[in-house]
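> Requesting a structural model of the entry that follows:
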Amino acid sequence: MANLSNSGMVCDCHIHSFFKRPAKTSGAYAPPLVDIADYAQEVAPLGIKRAVIIQASVDGTDNSRLVETLSQSVGLSLRGVAAINPETADLPALHAAGVSAIRIQDRARLGGSDLHTLPALGEVAAGLGWHIELNTEPRSFDDIASLMPKLPKAVLLVLDHIAHVDPDVPVDLQKLCRLMDTGRVWVKLSPTRVSRQIGHYDDLDTLVATIAQAYPDQCIWGSDWPHVMTKPPLPQIPPMLKLLQRVLSTEQYLACTWKNAEKLYGF
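So this is what the prediction gives:
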């Protein structure tokens, strides 16, 4: 169990930010009318000082909302992860705005997969010193393994939402570990899309502890705020941090919630 008497800094590596005003979007849900100021107010008492804004799927490859949000002063250090069309994206402007990674969607639930774009986007990421974030699931682990030799060696892959591993399916974890054994695959220990015990997360204790112990330098954490496509009651952030505090050592916790993110996103 982590002893955090001397800790008070956390980086949330997975949030989505929208606008208080209606905006044109397309996708599987209507964006909630919340913005980065709402998030900053909610997390101020929790010691969260840094956040990574992940471009929402409903924005497609339109990066305007992400860039506008990154420019706002809300008392947090911010970085961004963008979904891009490499033929039209203004990559230098995105980099200057604080974007440090490209996101690829690979979820059947969200209507399909863009995993085939991984090699080409890996070349783009390498040219900017970025990494790739994949919203993926175990059915794709073998495909990801086959594509990794086609990526520039400097490009890291970060798998969102613990790669949607089922804690009751050992082969999922085994295949994830084989990817992480390369040293080039990281995971976000974000519990809400994986746990069946929202608000407690006891069913993830063994899974999270196993990954963090084996790969302490390849784990980060994110809340998935404001929890779109989620039935109420919506998850709260303190129980997520309590999960990490419960199953990680102090060193593992500080690496997962602060040090690793600092290195990965260039804070």
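
> For the nearest residue to residue 115 once chain neighbours are set aside, name its beta-bridge partners.
Counting by C-beta to C-beta, 6 or more residues apart in numbering, residue 115 lies nearest to residue 106, which is 4.5 Å off, once chain neighbours are set aside. Where you see a C-beta, it was placed from the backbone N, CA and C, and this is true even at glycine. Beta bridges link residue 106 to residue 113, judged by DSSP bridges.

> The protein: strands as residue ranges?
Along the chain, counting by DSSP state E, strands occupy 10-15, 48-54, 77-82, 99-107, 112-113, 131-135, 157-159, 185-188, 219-220.

> Export the third one to CSV, keeping only CA atoms.
Same thing as strand 77-82. The C-alpha coordinates for strand 77-82 follow below in CSV (Å, rounded to 0.1, in the frame of the first residue of the first chain):
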residue,chain,number,x,y,z
SER,A,77,-0.5,22.2,-16.9
LEU,A,78,-2.1,20.7,-20.1
ARG,A,79,-1.0,18.4,-22.9
GLY,A,80,-3.1,17.1,-25.8
VAL,A,81,-3.6,13.9,-27.8
ALA,A,82,-5.1,14.5,-31.3
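
> for it, which positions count as buried?
78, 79, 80, 81, 82 (16 or more other C-beta atoms under 10 Å).

> and the two most separated of the residues you listed?
78 and 82 (12.9 Å; C-beta to C-beta).

> which residues does the closest residue to residue 78 other than its chain neighbours contact?
The shortest distance from residue 78 to any non-neighbouring residue, by C-beta to C-beta, 6+ apart, is to residue 70 (5.3 Å). Going by C-beta atoms under 8 Å, 6 or more residues apart in numbering, residue 70 touches 53, 78, 79, 80, 97, 98, 99.

> what do you get for residue 119?
Residue 119 is in contact with 147, 150, 151, counting by C-beta under 8 Å, 6+ apart.

> Filter those down to the buried ones and hand me the ChimeraX line.
A single ChimeraX command selects the buried members of the contacts of residue 119 (16+ other C-beta under 10 Å):
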select :147,151
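
> Mind putting the contacts of residue 119 into a markdown table with pLDDT and distance to residue 185?
What follows is those, written out as a markdown table (pLDDT from 0 to 100; distance: C-beta to C-beta, whole Å):
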| residue | pLDDT | distance to residue 185 |
| --- | --- | --- |
| 147 | 97 | 12 |
| 150 | 96 | 14 |
| 151 | 96 | 11 |
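
> Which one of the contacts of residue 119 is nearest to residue 198?
residue 147 (32.4 Å).

> That closest one touches residue 120, doesn't it?
No. Contact criterion C-beta atoms under 8 Å: residue 147 and residue 120 do not qualify, at 10.8 Å.

> returning to that earlier point: export the strands of the chain to a markdown table and tack on mean pLDDT and distance to residue 37?
Listed next are the strands of the chain as a markdown table, based on pLDDT from 0 to 100; distance: least, C-beta to C-beta, whole Å:
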| stretch | mean pLDDT | distance to residue 37 |
| --- | --- | --- |
| strand 10-15 | 98 | 12 |
| strand 48-54 | 97 | 12 |
| strand 77-82 | 98 | 12 |
| strand 99-107 | 95 | 20 |
| strand 112-113 | 74 | 34 |
| strand 131-135 | 97 | 24 |
| strand 157-159 | 98 | 26 |
| strand 185-188 | 98 | 24 |
| strand 219-220 | 98 | 24 |
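
> What is the neighbour count of the closest residue to residue 192 other than its chain neighbours?
Counting by C-beta to C-beta, 6+ apart, residue 192 lies nearest to residue 235, which is 4.8 Å off, once chain neighbours are set aside. By other C-beta atoms under 10 Å, 22 other residues sit near residue 235.

> Report the residue spans of the chain with pLDDT below the cut-off.
With pLDDT under 70 as the threshold, the chain has low-confidence stretches at 3-8, 22-28, 108-112.

> Show me where it has its helices.
Under the criterion DSSP state H, the chain contains helices at 36-43, 64-70, 91-97, 118-128, 141-147, 170-180, 205-214, 237-247, 250-254, 260-265.
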